[in-house]
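Colleague: here you go, sequence then predicted model.
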Amino acid sequence: MAKIVIDPLTRVEGHLKIEAMVEGGVVRKATSSGMLFRGLEIILKGRDPRDAPQIASRICGVCPTCHCIASTLCLDNAFGIADKIPKNGRILRNLIQGANFIQSHILHFYHLAALDFVDVTKVADYEGKEPALVSVQKFISRALSEGNMYMLAPFYPRYEGDYRLSTKENQMAVAHYVEAFKARRTAHELSAIFSGLMPHQKSILPGGATENVTVDKIAKFMWQLEPLRYFIDNVYIPDVITVGKAYPDYFSIGSGCGNYLAYGVFALDVARTDLAQPRFLASGTTSMDTLRYASLDAAQITEDVLHSRYSSPSGLHPAEGQTEPAPYKPNAYSWVKSPRYKGAVYEVGPLARLIVNYAQQNSIVCSAMDSMMSELGLAPVNLASTLGRHVTRALDAKLIADEMAKWVLELEPDAPTYVEYELPSNAEAAGLWEGPRGALGHWISIKDGKIENYQCVVPTTWNASPRDDKEQPGPIEQAIEGTKIKDEGNPFEIVRIVRSFDPCLACAVHLITPKRTELGKFQVC
Ligand code: NFE
Ligand code: MG
């Protein structure tokens, strides 16, 4: 049996290690390990609850807005004002959140995952006019002419994939890699119109949002959203389709657990405060086997820690959750806990979000997904795959950007954006929302005006979870198991599968020297 160790698996957020046992060219067992302890849940204890949204948003620089909103929803609920948020406050939150979804999805495809399918060394003769592209082009040419591939960072070192795009398609993809930086800047600036700053926005707080709504800001937002919608429709989605047509087998590779869960995102009304709140993308669960929609019961969420580096009890609901680090716990191989729903393994993320809403027969989602499946000749089951996750993430970006163009027109200039509240001495509450990478939950308990307990279960906790108390592998582990590996010394199939989940372990840096020649370790045992 051969053992593949990929540590760190690069081009994901944070430090992720993947191990795979291969026999007869097929992965028989895979493990996913979060190699970083952060302890934000512990840091929050004992603090003023009103500090939680700002501290919790520091969990991540890529998805800070969803953490801020999940934390704010906890406080809205705890303070008894969840159904009193003014219309402007609700819409401002959606717009600030939507801009971050767009930024994050473009980042993931162009700057993290697409390089698994694009061969930058094929663009050496590109005659571009765009200055940024020309400089990328020059640096690639110099590295190739000097025969020093390590000059090609961040494109190299890499596993050598079976690169199938034509030279022209590769050239185009690298041009779009450069354009995508500008798109991401535009998305951050879009958010900042109403959030004041990105990342770690300053506007969203319990009761609504602080930024006043003016005609100028509405016009600026509309004007700035348009280039992003153009980029998504004319660059991002066509590029995903190009990759999909070149790699049709990746619509059957990396399928995963087949169960999907979403908390829902983008409030359309604040009349209700529970998971039945009308949201543009609704909460719920489904499975690829049945495609039947079921509503979600948040009381059925638990977190196992049998194989996680915590000494706290296993199987607790997050409202009762504990975070006691135990770095040397026997048989533990990850700092990630194992969230489960009704004891089963669930995938979260854009695929989960859209397939749940497809099962619920959300007409906007069904129409977008049916037309994409028809363009690529796919059935729904093919979306449970490496490229299915990319396709649904691109559609997620489009659907959200299109709705944002409508929401901004619903803002009412000079109308209130937040309501006042009183701080209770004691309360317990949850904030369930979605980040770009999927279902995000925060749970708070307040005692004597201070945070007594705070627990977060983030999207990557679901997807990168290790085996649970029943030894059920997590979604990423299941997606890798059963995969055929052409060459154990160059396991590009594994990194393609893992990156399709867009994992984010934490915003910390694990250093690797530029001279290090080893991408992973390969041993026969
Ligand atoms: Ni750090 Fe995040 C998103 C959240 S992932 S990127 O999206 O919450 O676990
Ligand atoms: Mg947690």
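Modeller: Looks like it came in fine. Ligands and ions are numbered 1, 2, ... in the order given.

Colleague: distance check, the residue sitting nearest the centre point of the chain against ligand 1.
Modeller: Nearest to the mean C-alpha position of the chain, counting by CA atoms, centre = their mean, stands Arg437 at 2.0 Å. When distance is defined by CB to the nearest ligand atom, to the nearest Å, Arg437 is 3 Å away from ligand 1. C-betas here are computed from N, CA, C, even on glycine.

Colleague: wait, what's in contact with that residue?
Modeller: With contacts taken as CB atoms under 8 Å, 6 or more residues apart in numbering, Arg437 has the following neighbours: 63, 104, 348-350, 458-460, 463, 501-504.

Colleague: within reach of ligand 1, which of those residues are there?
Modeller: 63, 458-460, 504 (CB under 6 Å from any ligand atom).

Colleague: which of the residues you listed fall in helices?
Modeller: 459-460 (DSSP state H).

Colleague: now restrict the ones next to ligand 1 among the contacts of Arg437 to buried residues only.
Modeller: Buried members of the ones next to ligand 1 among the contacts of Arg437, counted by 16 or more other CB atoms under 10 Å: 63, 458-460, 504.

Colleague: coming back round to it: look up the closest residue to the residue nearest to the centre of the chain, ignoring the ones flanking it.
Modeller: Excluding its sequence neighbours, the residue lying closest to Arg437 (CB to CB, 6 or more residues apart in numbering) is Pro459, at 3.8 Å.

Colleague: what's the pLDDT at Val120?
Modeller: Per-residue pLDDT puts Val120 at 84.

Colleague: how about residues contacting the host helix or strand of Val243?
Modeller: Secondary structure assignment for Val243, by DSSP states H and E: helix 237-246. Contacts of helix 237-246 with the rest of the structure, by CB under 8 Å, 6+ apart, involve 109, 114, 117, 164-165, 169, 172-173, 176, 250-251, 372, 375-376, 387, 390-391, 394-395, 398.

Colleague: please redo it, this time with the cut-off set to 10 Å
Modeller: Contact with helix 237-246 is made by 109-110, 113-114, 116-118, 162-166, 169, 172-173, 176-177, 180, 231-232, 250-251, 368, 372, 375-378, 382, 387-388, 390-395, 397-398, as judged by CB atoms under 10 Å, 6 or more residues apart in numbering.

Colleague: restricted to buried residues, select the residues you listed in ChimeraX.
Modeller: In ChimeraX, a selection of the buried entries from those looks like this (16+ other CB under 10 Å):
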select :109,110,113,114,116,117,118,165,169,172,173,176,177,180,231,232,250,251,368,372,376,378,382,387,388,390,391,392,393,394,395,397,398
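
Colleague: what about ligand 1: which of the contacts of helix 237-246 touch it?
Modeller: Among those, proximity to ligand 1 is found for none (CB under 6 Å from any ligand atom).

Colleague: in helices only, show me the contacts of helix 237-246.
Modeller: Per DSSP H, the subset of those in helices is 169, 172-173, 176-177, 180, 231, 368, 372, 375-376, 382, 387-388, 390-395, 397-398.

Colleague: re earlier: and the furthest pair within the ones next to ligand 1 among the contacts of Arg437?
Modeller: Within the ones next to ligand 1 among the contacts of Arg437, two members stand farthest from each other by CB to CB: Cys63 and Thr460, at 9.7 Å.
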